[in-house]
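Visitor: below: sequence and its predicted model.
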Amino acid sequence: MVQMTEIRSALQRVIDPELGADIVDLGMVKNVQMDGGHVTVKVALTIAACPLRDQIENEVRRKLLAVPGVTDVTIEIGAMTQAERTALMERARLRAREEAEPTMVHPNTRVVAISSGKGGVGKSSLSANLALALAGQGHKVGLLDADIWGFSIPRILGLGGERLEAGMDRRIVPASAHGIQVVSTGLLLDDEDTALMWRGLMLSKALEQFLRDVAWDQDLDYLLLDMPPGTGDVQMALSRLLPQAEMVVVTTPQLAAQKVAARVADMARRSHMPVIGVVENMSGFTTPAGEHFPLFGSGGGRALAEDLGVELLGAVPIDPRVAEGGDAGNPVVVADPTSPSAVAIAAAAKALTTLLPPIADDGCSARLTLVAEQLAKMGA
Ligand SMILES: Nc1ncnc2c1ncn2[C@@H]1O[C@H](COP(=O)(O)OP(=O)(O)OP(=O)(O)O)[C@@H](O)[C@H]1O
Ligand SMILES: [Mg+2]
């Protein structure tokens, strides 16, 4: 049985890109009906002919289909009445005032948490390489090392000696590596002692700080998060701070996937973060002569994707260049872009952008005019 509360929280994760608030809060969801696994939802846009219409419709569909038990979705799009529009603007303004300091991550930035059901499967290696592959495909990308204790991103990206600094506005300026913005606790700490001190002090707040106090580019297309192993607090904190965040799950080809699937599904449910795809890593080893050895089994990625009802975004082979590149601070995607692992990672990045295209920021001029009109009417 699909619960109305789950439907509601899925809809709350659809953010109106122009107003920066969720469509439930904005009063754009008019009616929700459920008939078994079939959900019908009425959405009222500020004006029906808005270019953002498709985008909002697609997001509603995707988020609803991610709710376990929902099999199909009908979306009826309508337009708000004048009175509703006024009320909406009032809510948007109130919200903006209440949450004077939301995160520095722009609502148009796609937030993707790279997670796994167990440790050591290659989350950090893939986060870094996927981020670089996305950048190579022309996107603006940020990478947040959310593994506060066990940070490994600075090493992988060759940022060993760098430290983050505060800018003029006292915001932390991200480091830059191969054209992407990078933030990690490893770029704050000078030595192990300081590290220990920081642990108790700011661990619980670190993610929050990284989202609120870092001067992330306002036009980032994607912000990838390298999640810590385990399925705990960081996921919860992330979904609270950035309700638009979604999860990509990394797994190995071992067919012990069932247990992993259960764990991931549980994590997704508890953190209200939908899983959008699976990447299989360490998918066999191919010798230079072309002989293939499925060292860690096979089929685990596809099985997990099927269990979770999401797409398998790609399968990355075991490749010493992934490990070497990570140790040398020169990731394989950049160091050796034609190697099979780099090609596989680039394909996974492409699949991710197909599923989650960058959010168009060519707003809706009619809507913006309307916003201005309404503000003027309200005496702003
Ligand atoms: N496709 C691959 N081929 C060869 N080695 C790999 C591959 N992917 C990852 N590795 C290596 O496996 C080890 C673990 O990878 P990584 O640190 O990225 O995993 P993780 O999931 O982030 O681990 P943790 O859970 O500890 O954060 C690293 O030494 C890395 O270089
Ligand atoms: Mg890691």
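Guide: Nice, I can see it. Treat the numbers as computed from the prediction; the structure is a model and nothing was measured. Numbering: from 1, shown residues only. Ligands and ions are numbered 1, 2, ... in the order given.

Visitor: okay, now the one residue in the stretch 101-250 of the chain that gets nearest to ligand 2: neighbour count?
Guide: At 3.3 Å from ligand 2, S124 is the closest residue in the stretch 101-250 of the chain, using CB to the ion. Quick note: C-beta positions are derived from backbone N, CA and C, even for glycine. Residues near S124, counting by other CB atoms under 10 Å, number 24.

Visitor: what of the one 3 residues further on?
Guide: A count of neighbours around S127, defined by other CB under 10 Å, yields 28.

Visitor: let me see the contact set for the nearest residue to S298 once chain neighbours are set aside.
Guide: With sequence-adjacent residues excluded and distances taken as CB to CB, 6 or more residues apart in numbering, S298 is closest to P253, at 4.8 Å. Contacts of P253 were listed using CB atoms under 8 Å, 6 or more residues apart in numbering, and they are 280, 282-284, 294, 296-301, 315.

Visitor: pick the one among those residues closest to ligand 2.
Guide: For the contacts of P253, the nearest to ligand 2 is M282 (13.9 Å; CB to the ion).

Visitor: count of neighbours near the closest one?
Guide: When neighbours are counted by other CB under 10 Å, M282 comes out with 27.

Visitor: phi first, then psi, for it.
Guide: As for M282, its main-chain torsions (degrees, to the nearest 10) stand at phi 60, psi 40.

Visitor: list the contacts of it.
Guide: Residues counted as contacts of M282 (CB under 8 Å, 6+ apart) are 121-122, 252-253, 295-296, 316-318.

Visitor: doesn't G301 belong to a helix?
Guide: Yes - membership of G301 in a helix is supported by DSSP: H, G, I helix; E, B strand; the rest coil.

Visitor: shift numbering so it begins at 315
Guide: Shifting the count to begin at 315 puts that one at G615.

Visitor: check whether it really touches P608, as I assumed.
Guide: No - contact between G615 and P608 fails when scored by CB atoms under 8 Å: they sit 11.9 Å apart.

Visitor: joint contacts of those two?
Guide: 567, 597.

Visitor: what's the closest non-adjacent residue to the residue of the stretch 465-614 of the chain found nearest ligand 1?
Guide: The stretch 465-614 of the chain approaches ligand 1 most closely through P543 (3.4 Å), counting by CB to the nearest ligand atom. Of all residues not flanking P543 in the chain, G433 sits nearest, at 3.3 Å (CB to CB, 6+ apart).

Visitor: please state the offset of stretch 341-353 from the chain centre?
Guide: Per CA atoms, centre = their mean, to the nearest Å, the displacement of stretch 341-353 from the mean C-alpha position of its chain is 25 Å.
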